[in-house]
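K.L.:
Following is a predicted model, sequence given first.
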Amino acid sequence: NAGVTQTPKFQVLKTGQSMTLQCAQDMNHEYMSWYRQDPGMGLRLIHYSVGAGITDQGEVPNGYNVSRSTTEDFPLRLLSAAPSQTSVYFCASSYIRTGGGYGYTFGSGTRLTVV
Amino acid sequence: GDSVTQMEGPVTLSEEAFLTINCTYTATGYPSLFWYVQYPGEGLQLLLKATKADDKGSNKGFEATYRKETTSFHLEKGSVQVSDSAVYFCALAGGTSYGKLTFGQGTILTVHP
């Protein structure tokens, strides 16, 4: 089915380890973004991209890197994992609808625990 | 920058009660407004949306009206069910948030039989 695919669904890391959360979409959406969800804080934007080769920081970018070499893929890299990065991560793709407004599709999330 | 403020939770109701979850926003221009729902252990689902002033979004008995004069997008349902227990997020896109969503902090709703 078309949509946003995130892998892995669950991950446990040790402090200091690095890893990449994968996100892929097959809807040819221009915009992609990464959010983290923490209790009582809603979803906060980490990084986003308005097209291949273009990325920018969101509200909480520290400790994370992204790149967008293709329209389809937007991986999120944790450089040196810290317990404060324990969270649920969501990837989203989006587009501007003809006639105005936005359409968003979210992945199912990655639950990351850093010990 | 853009921001979204939701009413503090958690909200606890009895089945068939009336629900209102308040949401106000700050944004430049003409943002699109959304309500998302997250059921326990699941991801985000779009509940409803509105793209311009006075638009009413509706889905599954839930409604919200885009009020530009009061910068609000309150969520309402006339008669809640136990199955509506979830976390509800108000969000906006557009304004200065081009291509990305700005979320409120979420409101936990629990409905008892």
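P.N.:
In hand now; what should we look at?
K.L.:
List the strands paired with the helix-or-strand element of chain A with minimal mean pLDDT, with their directions.
P.N.:
Ranked by mean pLDDT, DSSP states H and E, the weakest helix or strand in chain A is strand A:102-106, scoring a mean of 84. Using DSSP bridges, strand A:102-106 pairs in its sheet with strand A:87-96 (antiparallel).
K.L.:
how much space between the most centrally placed residue in chain A and A:Ser49?
P.N.:
The centre of chain A sits closest to A:Trp34, judged by Cα atoms, centre = their mean, with a distance of 2.6 Å. Relative to A:Ser49, A:Trp34 is positioned 9 Å away (criterion: Cβ to Cβ, to the nearest Å). No exception for glycine: its C-beta is placed from N, CA and C like everyone else's.
K.L.:
shared neighbours of the two, anything?
P.N.:
Any residue near both A:Trp34 and A:Ser49 by Cβ atoms under 8 Å, 6 or more residues apart in numbering or on different chains counts here, and that gives A:66, A:74.
K.L.:
Return the residues in contact with the residue nearest to B:His112 when sequence neighbours are not counted.
P.N.:
Distances taken as Cβ to Cβ, 6 or more residues apart in numbering or on different chains place B:Ser14 nearest to B:His112, at 5.5 Å, with adjacent residues excluded. If you count contacts by Cβ under 8 Å, 6+ apart, B:Ser14 has them with B:111-113.
K.L.:
got a pLDDT number for the residue of chain B at minimum distance from chain A?
P.N.:
As assessed by Cβ to the nearest Cβ, chain A sits closest to B:Thr51 within chain B, at 3.3 Å. pLDDT for B:Thr51: 88.
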